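Peer 1: Compute the structure for the input listed below.
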Amino acid sequence: MMPAHTFLAAFAVDLAVGNTVKGMPIKAATIGNYLRDTATLLENFCGRDPRYTNQADHDLALPIRAVLNECKRHENMPHQVDPYTIEMHATLVALNAATNAHMDGLHCAMEDWFNLSTYLGFCLREWAQEDDFRRLASGGEIAPNGTKRAFTLDDIRLFHSGIRPFLIDAMARSNVKFSWQKNHDHGEENCFPAIPITLPLMLCGVSITSSADSHGLSVWTRPIFHSQCTKVPLVKSFSFTAKSLLLPFEPWPRRFTT
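Peer 2: A predicted model of the protein is given here:
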C-alpha cells in the first residue's frame, strides 16, 4: 500500500491544475494550507501528520515538496501563460467550421495563430510583436544580431520541384528561416514537407499576413483583438515585406487550416 504522503502529493497536483471548488488553479501557499487542513483531519485517525515520511522529519515528504516547489517555480516565471490544450483547439476549429466564420474574424484569426504555436512550436515573438509601441514599420523589436525578432515573408519560401509556385495546391515543401534564436544559431533554415499536417499549418502564417494586405493594413497584419468592437490589439503579427514572393494565390482569398 502506498504511503499517505503519496496520496497527499497526488491531491496537491489535483489542486494545482484547477480541480477546486471554483474550478480554478490555486497558488502553492494555498495548496499548502489545503494539505495542512487535510493532515489535521487525518491525524485524528492515524495519530500522526501524514505529510511527513517520519514523525521526526522537519521537511515535508519528498513527493509533496516536489509538487509545491514546482508550483512556486511556475508562479515566479515572468510572462507566464495559462495552457492552451489540443482539446480547446479542436473545439475552436469545429466552431469555425460549424458557423462558417469569416476568414478575417476573431475566431479564424485565433485558429491560425494557435495552429502555428500549438502544432509547429513557434514562439510568440517569432510570429508577433507583443507591445503596442513596437510597430514593425518603424523598426520593430530588434534581436542582438540586428535582425527583427518576428518573421517576415522574406523568411518563408515555398517550393515545387525547386521552383517557387504560384498555386497553393502545387506546393511541395516550405522553408522557414530563423534570423535570430536563443541558441545563437542565427539564420538556421528548416524545411517543412508537404504532408497533411505541416504544410496547411505553415500556410496559416501566410494567411495571417496576406489577408491583412487585402485590407490595406501595412503595419498591423492579422491582429487578434480583445473584442471586435474596441479593436484593441492583443497580438500584432510579423511585418509584411515581401508579398510579391507569394502572390497571386488562386483562388483568393482562401482559408488554410487543418
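Peer 1: Break the chain down into its structural domains.
Peer 2: 4-75, 86-245 (automatic domain parsing).
Peer 1: So C191 lies in a strand, does it not?
Peer 2: Yes: assessed with DSSP: H, G, I helix; E, B strand; the rest coil, C191 lies in a strand.
Peer 1: Low-confidence ranges, the stretch 1-150 of the chain, go.
Peer 2: Within the stretch 1-150 of the chain, the stretches with pLDDT under 70 are 1, 78-83, 104, 116-143, 147-150.
Peer 1: What segments of it are helices?
Peer 2: Under the criterion DSSP state H, counting those that start in this stretch, the stretch 1-150 of the chain contains helices at 4-16, 28-46, 62-75, 86-99, 106-119, 124-127.
Peer 1: Take the ones you listed and lay them out in TSV including mean neighbour count and distance to N190.
Peer 2: All C-beta spots, glycine's among them, are computed from the backbone N, C-alpha and C. What follows is the helices of the stretch 1-150 of the chain, written out as TSV (neighbours: other Cβ atoms under 10 Å; distance: least, Cβ to Cβ, whole Å):
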stretch	mean neighbour count	distance to N190
helix 4-16	19	35
helix 28-46	14	38
helix 62-75	16	29
helix 86-99	12	22
helix 106-119	20	13
helix 124-127	19	12
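Peer 1: Distance to F178 for these - can I get that in TSV?
Peer 2: Output for the helices of the stretch 1-150 of the chain, formatted as TSV (distance: least, Cβ to Cβ, whole Å):
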stretch	distance to F178
helix 4-16	34
helix 28-46	35
helix 62-75	27
helix 86-99	24
helix 106-119	14
helix 124-127	7
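Peer 1: closest to T53 out of those helices?
Peer 2: When the helices of the stretch 1-150 of the chain are compared by Cβ to Cβ, helix 4-16 sits nearest T53, at 6.3 Å.
Peer 1: Counting by contacts, list what that closest one packs against.
Peer 2: Secondary-structure packing of helix 4-16 (3 or more Cβ pairs under 8 Å, 6 or more residues apart in numbering; DSSP states H and E): helix 28-46, helix 62-75.
Peer 1: before we move on, back to that, among the helices of the stretch 1-150 of the chain, which is nearest K182?
Peer 2: Using Cβ to Cβ, the nearest of the helices of the stretch 1-150 of the chain to K182 is helix 124-127, at 10.3 Å.
Peer 1: coming back round to it: tabulate the helices and strands packed on helix 4-16 (TSV), appending distance to Q55.
Peer 2: Formatted as TSV, the helices and strands packed on helix 4-16 follow (distance: least, Cβ to Cβ, whole Å):
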stretch	distance to Q55
helix 28-46	11
helix 62-75	15
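Peer 1: mind checking which of the ones you listed is nearest A12?
Peer 2: Of those, nearest to A12 by Cβ to Cβ is helix 62-75, at 4.3 Å.
Peer 1: got the contact list for that closest one?
Peer 2: Helix 62-75 is contacted from outside by 5-6, 8-9, 12-13, 16, 27-28, 31-32, 35, 51, 53, 59-60, 80, using Cβ atoms under 8 Å, 6 or more residues apart in numbering.
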